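Asker: build me a model from this:
(3 chains)
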Amino acid sequence: METTMKKKGRGKATITSQKEEEGTVRKGPWTMEEDFILFNYILNHGEGLWNSVAKASGLKRTGKSCRLRWLNYLRPDVRRGNITAEEQLLIIQLHAKLGNRWSKIAKHLPGRTDNEIKNFWRTKIQRHMKVSSEHMICSGNSQSSGMTTTDQGSSGKAIDMAESFSQAKTTFNVVEQSNENYWNVEDLWPVHLLNGDHHVI
DNA sequence: AATGTGCTCAACCGCCCCACT
DNA sequence: GAGTGGGGCGGTTGAGCACAT
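Answerer: Model prediction:
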């Protein structure tokens, strides 16, 4: 049996059904059962040695996949959705300072993952920069034309943006996200309590 | 209501680094 | 020093959703 993601199954839905039947590595969206297994395994054995986790837990996943799922989704301290205006400002400032070092940026934002920040940057900031850049070109300011956001040269623009952003946060379209269509990590918490393991990481 | 388009974000890929032998 | 394996990181992909037409 396989529980599919509630409504919002995302990610690469690669064709896995045949191969997983053959006992090879499974890919694509995680099911609730898999989350359940991984979550409980890590609660009982701790993090690290991800290949061992993958094997010992019985999950037909790679160690990398287990690690990613844990870090980006299952970890108890992970915060989901609603990147605050302050966090957005911090991200912009840190990116100006550190560049695309998402994991380093994430360290300054407790509960936020590098993946989340990276996605946020690409979907919000990068697009905003593109729009403002186009606006500048239209306005006759050609200095910034041709600059991509992956360039380190974008740092200056990011700083400018951070300044204007701090002044007009509301114009930046802070994204409200609803996670109601996902199963929550909280849904898994009672399980470990039932197992008699009360130690939370 | 149906269709098209753009956006979001979970997950994979490939590369790199580090520790160990 | 060379080889190997595990883990971490950044870039990219693509299914599903939301909104527009």
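Asker: what sits against A:E86?
Answerer: The contact partners of A:E86, taken as CB atoms under 8 Å, 6 or more residues apart in numbering, number zero. (C-beta placed from N, C-alpha, C; glycine too.)
Asker: tell me which element it falls in.
Answerer: helix A:85-98 (DSSP states H and E).
Asker: as CSV, could you dump the C-alpha coordinates of the helix or strand immediately after that helix in the chain?
Answerer: Note on helix A:85-98: by DSSP H and E, the next helix or strand toward the C-terminus is helix A:102-107. Only the C-alpha atoms of helix A:102-107 are listed here, as CSV (Å, rounded to 0.1, in the frame of the first residue of the first chain):
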residue,chain,number,x,y,z
TRP,A,102,22.7,29.0,0.9
SER,A,103,23.7,26.7,3.7
LYS,A,104,25.7,29.5,5.3
ILE,A,105,22.8,31.9,4.9
ALA,A,106,20.5,29.3,6.4
LYS,A,107,22.7,29.1,9.5
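Asker: buried residues in helix A:102-107?
Answerer: A:W102, A:I105, A:A106 (16 or more other CB atoms under 10 Å).
Asker: reformat those as JSON lines; add distance to DNA strand C and pLDDT.
Answerer: Below are the buried residues of helix A:102-107 laid out as JSON lines (distance: CB to the nearest atom of the strand, whole Å; pLDDT from 0 to 100):
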{"residue": "A:W102", "distance to DNA strand C": "3", "pLDDT": "86"}
{"residue": "A:I105", "distance to DNA strand C": "8", "pLDDT": "86"}
{"residue": "A:A106", "distance to DNA strand C": "7", "pLDDT": "86"}
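Asker: report the separation between A:T24 and DNA strand C.
Answerer: 16 Å (CB to the nearest atom of the strand, to the nearest Å).
Asker: quick one: contacts for that residue?
Answerer: Contacts for A:T24 (CB under 8 Å, 6+ apart) come out as A:K60.
Asker: which SS class is the nearest residue to A:E116 once chain neighbours are set aside?
Answerer: For A:E116, ignoring the flanking residues on the chain, the nearest one in space by CB to CB, 6 or more residues apart in numbering is A:N72 at 7.2 Å. Assigned state for A:N72: helix (three-state reduction, DSSP: H, G, I helix; E, B strand; the rest coil).
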